[in-house]
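Engineer: based on what follows, work out the 3D shape:
(2 chains)
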There are 2 protein chains.
Amino acid sequence: MRVLGIDPGSRITGFGMINVASDGGLAYVDSGCVRTEGSSQSQRLKTIYDGISAVITSYVPDVLVVEKVFMAKNADSALKLGQARGVAICAGINHELEAMEYTALQIKRAVVGNGQARKQQVQYMVKVLLGLSGTPQPDAADALACAICHAHYAMGRAAVTRGLGRRARAV
Amino acid sequence: MRVLGIDPGSRITGFGMINVASDGGLAYVDSGCVRTEGSSQSQRLKTIYDGISAVITSYVPDVLVVEKVFMAKNADSALKLGQARGVAICAGINHELEAMEYTALQIKRAVVGNGQARKQQVQYMVKVLLGLSGTPQPDAADALACAICHAHYAMGRAAVTRGLGRRARAV
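Structural biologist: Below you'll find the predicted structure:
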């Protein structure tokens, strides 16, 4: 199963693609950011749509995953986040991908084992779980964390842990 | 010039299409709602995208107009509104339409002549300005008001008033 995690934002939208083996083993595919600074609102949304569409077309994921937002900081930022989120989800549904959603608590529990984990802990565990040589950019790391969370819930924690153990031995 | 006004919402997205003659005369083309009740978030956003795309494909407008939102009621509703708004704008930009934005004050001034006008006054003036036999559904009326506002700013108030006078005489 190939999973695309998305961390939408009006300025930076992170994405992270992983493969999940049938035994729960995780493999990093790609990650990065779609940056939209310095253009009109329409153009920013188009940049997000085109960027995520290009990632989907290149890697043909089976599922798209985004963090469920319960409460944004304020109404203005929520509106901007919602627009970016709507466009990213739209890019998915126009490629026949249903968007799965997980709360921040579920993502942190799946990746760190602690729903109250700090951002840096999530980044560190993304690096460890995927066997990366460096720490991914924060938005890309959040997107990869979404994808890992889906693997966790789809395959079961035990299977993901087995996969991690096997890869850790192989390193 | 053919103008598509959109009033996005997570449950009901209104649309309104008008023609604006070179002398500012307004002519109603079509209006209606895309209703998204009772499905998942992804499906609701897809329904909005597909609905607005179908309207654009059928009527081939020259411009898409949405109300500029300064402050939503709360962060949760702002997020949902933002998602619907992002998807509607996305449908436009994927058909080469840049989204124009006007504030509620600009729209009310353009349609009623009073930036503090109530919703019913806007609905009534939409009916009068477009020579409709009945009052449009509220979300469709708001969408038509967006389109009329763009006509007002694009063509100049005087030209729109001349068009109205000519049509009023013809009735």
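
Engineer: can you tell if stretch A:97-106 touches chain B?
Structural biologist: Yes. Residues of stretch A:97-106 contacting chain B under Cβ under 8 Å from any Cβ of the partner chain: A:Glu98, A:Ala99, A:Glu101. Every residue, glycine included, has its C-beta placed from N, CA and C.

Engineer: residues contacting A:Cys90?
Structural biologist: Contact analysis of A:Cys90 by Cβ atoms under 8 Å, 6 or more residues apart in numbering or on different chains lists A:Tyr49, B:Leu45, B:Lys46, B:Tyr49, B:Gly86, B:Val87, B:Cys90.

Engineer: so whichever residue of chain A sits closest to chain B, which state does it fall into?
Structural biologist: Across chain A, the shortest distance to chain B (Cβ to the nearest Cβ) belongs to A:Gly82, at 2.1 Å. Per DSSP: H, G, I helix; E, B strand; the rest coil, the local secondary structure of A:Gly82 is helix.

Engineer: quick one: name the residues of chain A near chain B.
Structural biologist: A:40-43, A:45-46, A:49, A:69-87, A:89-90, A:92-94, A:98-99, A:101.

Engineer: 7 Å instead?
Structural biologist: Residues of chain A lying close to chain B by Cβ under 7 Å from any Cβ of the partner chain are A:41-42, A:45-46, A:49, A:69, A:71-72, A:74-76, A:78-87, A:89-90, A:93, A:98-99.

Engineer: those in strands, which ones?
Structural biologist: A:Ala99 (DSSP state E).

Engineer: for A:Leu4, helix, strand, or coil?
Structural biologist: Going by three-state DSSP: A:Leu4 is strand.

Engineer: report the contact partners of A:Cys149.
Structural biologist: By Cβ atoms under 7 Å, 6 or more residues apart in numbering or on different chains, the contact set of A:Cys149 is A:Val65, A:Tyr102, A:Gln106, A:Ile107, A:Ala110, A:Val111.

Engineer: keep only those of the residues you listed that are in helices.
Structural biologist: A:Gln106, A:Ile107, A:Ala110, A:Val111 (DSSP state H).

Engineer: using TSV, lay out the residues you listed together with neighbour count and pLDDT.
Structural biologist: What follows is the ones in helices among the contacts of A:Cys149, written out as TSV (neighbours: other Cβ atoms under 10 Å in any protein chain shown; pLDDT from 0 to 100):
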residue	neighbour count	pLDDT
A:Gln106	18	94
A:Ile107	26	95
A:Ala110	22	93
A:Val111	27	94
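
Engineer: which two in those residues are spaced the farthest apart?
Structural biologist: Pairwise distances across the ones in helices among the contacts of A:Cys149 (Cβ to Cβ) peak at 9.6 Å, for the pair A:Gln106 and A:Val111.

Engineer: lowest average confidence, helix or strand, in chain A?
Structural biologist: Least confident helix or strand, chain A: helix A:157-170 with a mean of 51, by mean pLDDT, DSSP states H and E.

Engineer: against A:Val3, how distant is the closest residue to A:Gln106 other than its chain neighbours?
Structural biologist: The shortest distance from A:Gln106 to any residue other than its chain neighbours is 5.9 Å, reached at A:Cys149 (Cβ to Cβ, 6 or more residues apart in numbering or on different chains). A:Cys149 is 9 Å from A:Val3, where distance means Cβ to Cβ, to the nearest Å.

Engineer: again with A:Arg35
Structural biologist: Taken as Cβ to Cβ, the span from A:Arg35 to A:Val3 is 23 Å.

Engineer: look at these two and report which has more neighbours.
Structural biologist: A:Val3 (25 against 15; other Cβ atoms under 10 Å in any protein chain shown).

Engineer: what's the closest non-adjacent residue to the more buried one?
Structural biologist: A:Ala147 is the one closest to A:Val3 (Cβ to Cβ, 6+ apart), at 4.2 Å.

Engineer: residue contacts, that neighbour?
Structural biologist: A:Val3, A:Leu4, A:Gly5, A:Gly16, A:Met17, A:Ile18, A:Val65.

Engineer: just send these back as a markdown table, with distance to A:Val126 and pLDDT too.
Structural biologist: Below are these laid out as a markdown table (distance: Cβ to Cβ, whole Å; pLDDT from 0 to 100):
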| residue | distance to A:Val126 | pLDDT |
| --- | --- | --- |
| A:Val3 | 13 | 97 |
| A:Leu4 | 15 | 98 |
| A:Gly5 | 10 | 98 |
| A:Gly16 | 8 | 98 |
| A:Met17 | 13 | 98 |
| A:Ile18 | 10 | 98 |
| A:Val65 | 14 | 97 |
